[in-house]
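Asks: Build me a structure from this.
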Amino acid sequence: MDQSLFTYDIVAEDPGTHARAGVLHTPHGDVPTPIFMPVGTKATVKGLMPSTLRELGTKILLANTYHLSMRPGADLVAEMGGIHDFMRWDGPILTDSGGFQVFSHEEFCKLSDDGVRFRAVDYDGKWVSWTPEDNMDIAQKLGADIVMQLDQCVGYPAPRRKVERSVELSSRWAERCYAAHTRPDQALFGIVQGGMHLDLRLRSLSHLEQVGDFPGYGIGGYSVGEDHETMFESLEPLVSEHMPRSKPRYLMGVGNPTTLVRAVACGVDMFDCVLPTRTARTGSAFTSEGRLNFRHARFIHDRRPIDEACDCPVCRQGFSRAYLHHLVRQKEMLAGILISQHNIHFLLDLMRRAREAVLAGTYAAFLADWMASPAARDW
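Replies: Sure, this is the predicted structure:
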């Protein structure tokens, strides 16, 4: 990796919390943090044009290594000029390792020190083998700005011995990913595993720091079945007390607004989740009033926009709650498109306001105001 292409500047730290504001520099542009990354799993954020994502304030997108390796294949994406040209997005892109998707195959997944063998049951059903070296080859062909090491993630609850095995495998694979990754215009992040066990998290982090100079760290293995309070018992001390101050910290797969606000207070910088678009397709929106489900009959005669406090294109143009209720109940694709735009804007704007609070040194008050507001009812 060309170190000059990937740097992280911390521009402010909140005096009352561990929140910080920074800028992550990449070959395809700068990313202000804290930041939420919309998920374009198969090289598309479902239903939304790249120009729309720009209008909503998107700074960086995420795509999925597993799904793109299955269809259309990493070689085809490389032939088309890499993922940026392929999906017509000229900003920064992060691709995950695909490990979470692979290990979600459960009984169709076989682990070894060498790698993982799994059956692609959601595609052609064939057995596929990945070593860490294979995974890095795919990542380098896809060509995202930031890629993640191959890791193993376990659900919650899980026996401690199973979590320890996850840490051991992920640590060994991190060494091999680090050695195999050679693309200079691409940053490789290590991933901290360890479930809800802080001591295992610290073991994982220590090994990653011994492996090499990763330019950033993912925090994996959360949002896998545990409640939020259980997650924060280990997340808060891990991030605020132990993770390197000078490197970006990326909490993987977490996306409900209140968890983002609380995690920023711990010192997390980056987030991703399918939640804003997946819930939109079922008719749910994040708002300053809390989470709203437009399937409910109470919206039949409601002339108001999704959120009167929101300035997203959907709310600005006055699409009413009554209209959205109609679209959702009739299963019109426009329902998911409109609510996805709103939800993504909501999270992006939330992180923008969080950053402004850090810059002003008032994040503790920002957090307290959020937790006391109706918006915190986002379940």
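
Asks: Not counting its neighbours along the chain, what's nearest residue 54?
Replies: Spatial nearest neighbour of residue 54, chain neighbours left out: residue 91 (7.7 Å); criterion: CB to CB, 6 or more residues apart in numbering. Every residue, glycine included, has its C-beta placed from N, CA and C.

Asks: Check residue 47 too.
Replies: residue 337 (4.2 Å).

Asks: Can you report how many residues neighbour the one you found?
Replies: By other CB atoms under 10 Å, 19 other residues sit near residue 337.

Asks: List the contacts of the residue nearest to residue 183 when sequence neighbours are not counted.
Replies: Of all residues not flanking residue 183 in the chain, residue 140 sits nearest, at 4.5 Å (CB to CB, 6+ apart). Taking CB atoms under 8 Å, 6 or more residues apart in numbering, we find residue 140 in contact with 147, 181-183, 186.

Asks: repeat for residue 275
Replies: Per CB under 8 Å, 6+ apart, neighbours of residue 275: 255-256, 343.

Asks: Ok, residue 75 next?
Replies: Contacts of residue 75 (CB under 8 Å, 6+ apart): residue 141.

Asks: Which of the helices or strands spans it?
Replies: helix 74-79 (DSSP states H and E).

Asks: Flag every buried residue along that helix.
Replies: For helix 74-79, a neighbour-count test (16 or more other CB atoms under 10 Å) marks 74, 77-78 as buried.

Asks: What is the neighbour count of residue 150?
Replies: So residue 150, with other CB under 10 Å, has 29 neighbours.

Asks: Please list all residues in contact with it.
Replies: So residue 150 contacts 97-99, 115-116, 130, 132, 135-136, 173, 177 (CB under 8 Å, 6+ apart).

Asks: Excluding sequence neighbours, find me the nearest residue to it.
Replies: Residue 150 sits nearest to residue 135 (CB to CB, 6+ apart), 4.1 Å away.

Asks: Tell me the pLDDT of that neighbour.
Replies: Note on residue 135: pLDDT of 97.

Asks: any idea how far the closest residue to residue 157 other than its chain neighbours is from residue 77?
Replies: Leaving out its chain neighbours, the residue that sits closest to residue 157 by CB to CB, 6+ apart is residue 225, at 7.2 Å. Distance, residue 225 to residue 77, using CB to CB, to the nearest Å: 32 Å.

Asks: again with residue 115
Replies: 22 Å.

Asks: How about residue 304?
Replies: For residue 304, the distance to residue 77 - CB to CB - is 43 Å.

Asks: same question, residue 54
Replies: In terms of CB to CB, residue 54 sits 21 Å off from residue 77.

Asks: rewinding a little: I'd like to know which of the contacts of residue 150 is nearest to residue 314.
Replies: residue 98 (32.1 Å; CB to CB).

Asks: Identify the residues contacting the closest one.
Replies: 64-67, 69, 130, 135, 138, 150.

Asks: try 10 Å
Replies: Applying CB atoms under 10 Å, 6 or more residues apart in numbering, one finds that residue 98 lies in contact with 64-70, 116, 118, 130, 135, 138-139, 148, 150-151.

Asks: Show me what secondary structure element comes after the helix or strand of the chain with the lowest mean pLDDT.
Replies: Using mean pLDDT, DSSP states H and E, helix 99-103 stands out as the lowest-scoring helix or strand of the chain, at a mean of 83. Per DSSP H and E, the first helix or strand lying C-terminal to helix 99-103 is strand 109-112.

Asks: Output the contacting helices and strands for that following strand.
Replies: For strand 109-112, the elements it packs on are helix 99-103, strand 115-119, strand 127-130, helix 160-180, judged by 3 or more CB pairs under 10 Å, 6 or more residues apart in numbering; DSSP states H and E.

Asks: Next, the buried residues of the longest helix along the chain.
Replies: Determined from DSSP state H, the single longest helix within the chain is helix 333-360. Within helix 333-360, the residues scored as buried using 16+ other CB under 10 Å are 335-352, 354-355, 357-358.

Asks: Stretch 109-121 now?
Replies: Buried, per 16+ other CB under 10 Å, within stretch 109-121: 115-120.

Asks: Stretch 89-101 now?
Replies: 89, 91-101.

Asks: for stretch 157-177, same thing?
Replies: 158, 163-164, 166-171, 173-177.

Asks: Just the closest of these to residue 107, please.
Replies: Using CB to CB, the buried residues of stretch 157-177 come closest to residue 107 at residue 158, 15.5 Å.

Asks: wait, is the closest one part of a helix?
Replies: No. Assessed by DSSP: H, G, I helix; E, B strand; the rest coil, residue 158 does not belong to a helix; its assignment is coil.

Asks: and the residue lying closest to it once chain neighbours are set aside, helix, strand or coil?
Replies: Nearest residue to residue 158, sequence neighbours excluded (CB to CB, 6+ apart): residue 195, at 6.3 Å. Following three-state DSSP, residue 195 is assigned to coil.

Asks: Residue 195 contacts residue 161, doesn't it?
Replies: No. The criterion here is CB atoms under 10 Å, and residue 195 misses it with residue 161 at 11.1 Å.

Asks: Sitting in helices, which of the contacts of residue 98 do you find?
Replies: 65-70, 135, 138-139.
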